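> take this sequence and fold it.
(chains A and B)
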Amino acid sequence: MAFLELRGVGKSYWTPRGWYSVLDNLNLDVEAGEFVCIVGYSGSGKTTLVSLIAGLMQPDCGEIRLGGELVRGPGPDRGIVFQNYSLLAWMSVFENVYLAVDAVSPQLSAAQKRERTDHLIATVNLSAAAHKRPHELSGGMRQRVAVARGLAMNPQLLLLDEPFSALDALTRATLQTELARLWMEERKTVVMITNDVEEAILLADRIYPLTPGPAAHLGPEIVVDLPHPRSSRALNLQPGYHHARRDIVEFLASQRRATNRSAAPETPALAVAS
Amino acid sequence: MRKRFEMGAVVLPLLGIGLVLLVWTIVSQTVAPDLPSPLRTWHESRPYIVRPFFKDGEMNQGIGRFAILSLVRVAKGFLLAIVLGTPLGFLLGLSRAFYRAFDPIIQILRPISPLAWLPLGLIIFQRSEPAAVFTIALCAMWPTVINTAVGVRNINPDYWNVGRVLRLSPWKMLRKIIIPASMPYVFTGYRLSLGIAWLVIVASEMLTGAPGVGGFLWQEYNSLVYSHILLSIVTIGLIGFALDRLMGLAERRFQTV
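From the prediction side, this is the model:
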């Protein structure tokens, strides 16, 4: 039995035009210590999927299990890094991270909590900005705080919802490298949602394409059989990289054509750099 | 360019004030002979302005002393309004059931004039001072109640999710997330409430005869010293303007985003 299991998960929303099926019969297995990426078009239900795994909403059908236990609600065993950072605007970097440390480790003394907070902030290279408020930080720095807060929960599973989508290319590359380093050090189980195929190949052990909605489900897995740590420069020289990339892009494109024939077209938003 | 802008900032308001004084003078010379002209108002009000803190009796004091008496009364009513209104607003914003139960009654109480509340206050408290404070509080609390409720309901869902993922206790959720996130709305409510509290002071002092700017205004009307009515009106306006500016500063201080 896998560490994280999704079995036949479905979720629909009520809209003025009737029920809209976001996810339908979605299955996923993630082993402990794995880094799994889910790649899909925007609007295909990626954030819904994260919210379901996080327990922020309940599936209409199917079940989600973490370590064999049914997921019934949100909890710090699933650290989550939200797409839009969701830092508390009235708290400094330190206070944002401390809130999570304090909530998850109430048994520690105040000094130990402060020490752990300082350590986490140092891990994401933000010690110099610890006293600053989120609005004084750049997008990349805010995202680091969000990662530090996610790690502060000391989770069994780290959920990343398009963590770098709002960042410029250079910052994005830096943070991808840092995330890869953190994962090598901490070996947490990571499920990351992204619309960036290259990012997925750079970081993940396995990649699942999410079919375009409505009724999205996961396509066939694509194993990225490249040794860690990977660098985006070296990736281009690996034949495995090009195979993986072609498989994902072709699958998503074919699914999209199939959907477009049956439904109204939408704007494509899949980032594929050439 | 910069120089011209500064000229406009000083000259244009002065021009506006000058025009109003001119209209006032013309009206007092023509259609309303009982209305004192600006010049006469100034002459008859001078002792109250140049010695703002003299006291010759309960109802004959400098305008500064009257203003302080009124401000203290408003402060009491305003404090009572926010002490009652803020928690009420949080309850309305947090609980759907509470909102359903109490929103209709709030919508009915909200438009009631201070002139209607005051007699009720006099019946309940038997004394004019608490009745005035009661009236101010009852009229002034609604913007605080409603803005706080709206502020709580408008909290970014992401902030709620952060609290839920961390499994914060209800108390921590309130202290660390709900209260700070709704602060900007709450302070807008406070500013509007203070504006209403200051509006109500005149009515409540008139009816109770309590010493203050409003009480002075009513007494001087009865003693036919009309220029002092105008002095009171200008004072009320200036203080109201200053209070709004002060609360505006506090409001900006609490803008969290």
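> how about the strands in the stretch 151-274 of chain A?
A:157-161, A:189-194, A:206-209, A:222-223 (DSSP state E, counting those that start in this stretch).
> from the chain's centroid, how far away is stretch B:157-164?
When C-alpha coordinates are averaged (Cα atoms, centre = their mean, to the nearest Å), stretch B:157-164 and its chain have centres 35 Å apart.
> scratch that, stretch A:116-124 is what I was asking about
On Cα atoms, centre = their mean, the centre of stretch A:116-124 falls 21 Å from the chain's centre.
> go through that stretch and flag the buried ones.
A:116-118, A:120-121, A:123-124 (16 or more other Cβ atoms under 10 Å in any protein chain shown). C-beta: built from backbone N, CA, C; applies to glycine.
> of these, just say which sits nearest to A:Met153.
The shortest approach to A:Met153 among those belongs to A:Leu120, at 10.3 Å (Cβ to Cβ).
> which element is the nearest residue to the closest one once chain neighbours are set aside on?
Once flanking residues are discounted, A:Leu120 sits nearest to A:Ala148: 4.5 Å by Cβ to Cβ, 6 or more residues apart in numbering or on different chains. Here A:Ala148 sits within helix A:139-152, counting by DSSP states H and E.
> just send the strands of the stretch 151-274 of chain A back as a markdown table, with mean pLDDT too.
Shown next, in a markdown table, are the strands of the stretch 151-274 of chain A (pLDDT from 0 to 100):
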| stretch | mean pLDDT |
| --- | --- |
| strand A:157-161 | 90 |
| strand A:189-194 | 90 |
| strand A:206-209 | 88 |
| strand A:222-223 | 80 |
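> show me what from chain B comes close to chain A.
B:156, B:158-159, B:161-162, B:164-168, B:172, B:176-177, B:180-181, B:183, B:256-257 (Cβ under 8 Å from any Cβ of the partner chain).
> of these, just the buried ones, ChimeraX syntax please.
The buried residues among these can be selected in ChimeraX (16+ other Cβ under 10 Å) with this line:
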select /B:159,161,162,164,165,166,167,168,172,176,177,180,181,183
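> let me know the secondary structure of the residue positioned nearest the centre of chain B.
Nearest to the mean C-alpha position of chain B, by Cα atoms, centre = their mean, lies B:Gly195 at 2.5 Å. In three-state terms, and counting by DSSP: H, G, I helix; E, B strand; the rest coil, B:Gly195 is helix.
> ok, it - contacts?
B:240, B:243-244 (Cβ atoms under 8 Å, 6 or more residues apart in numbering or on different chains).
> how about A:Met57?
Applying Cβ under 8 Å, 6+ apart, the residues near A:Met57 are A:11, A:48, A:51.
> apply 7 Å and report the result again.
A:Ser51 (Cβ atoms under 7 Å, 6 or more residues apart in numbering or on different chains).
> what do you get for A:Ala146?
Contacts of A:Ala146 (Cβ under 7 Å, 6+ apart): A:81-82, A:85-87.
> would CSV of those residues with neighbour count and pLDDT be doable?
Formatted as CSV, those follow (neighbours: other Cβ atoms under 10 Å in any protein chain shown; pLDDT from 0 to 100):
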residue, neighbour count, pLDDT
A:Val81, 25, 87
A:Phe82, 24, 85
A:Tyr85, 21, 82
A:Ser86, 23, 88
A:Leu87, 25, 91
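> circling back to that earlier point, nearest to A:Glu31, of the contacts of B:Gly195?
Among those, and counting by Cβ to Cβ, the member closest to A:Glu31 is B:Asp244, at 62.6 Å.
> picking that back up, tell me, how many residues neighbour the residue nearest to A:Leu120?
Neighbours of A:Ala148 under the rule other Cβ atoms under 10 Å in any protein chain shown: 26.
> and the residue lying closest to A:Ala216 once chain neighbours are set aside, its phi and psi?
Here the nearest residue to A:Ala216 in space, its sequence neighbours aside, is A:Gly45; by Cβ to Cβ, 6+ apart that works out to 4.4 Å. Main-chain torsions, A:Gly45, degrees, to the nearest 10: phi 100, psi 20.
> and if you look at B:Pro211?
phi -70, psi 130.
> was I right to think it contacts B:Met59?
Yes - contact between B:Pro211 and B:Met59 holds when scored by Cβ atoms under 7 Å: they sit 6.1 Å apart.
> pLDDT below threshold where in chain A?
A:213, A:259-274 (pLDDT under 70).
> got the residue ranges for the helices in it?
For chain A, the helices defined by DSSP state H cover A:46-54, A:93-104, A:110-123, A:139-152, A:169-186, A:197-203, A:232-235, A:239-262.
> dump the ones you listed to TSV, plus distance to A:Gly33.
Converted to TSV, the helices of chain A look like this (distance: least, Cβ to Cβ, whole Å):
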stretch	distance to A:Gly33
helix A:46-54	17
helix A:93-104	20
helix A:110-123	19
helix A:139-152	15
helix A:169-186	9
helix A:197-203	14
helix A:232-235	22
helix A:239-262	20
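> in contact with A:Leu126, which residues?
A:93, A:141, A:144-145, A:148.
> good, wrapping up.
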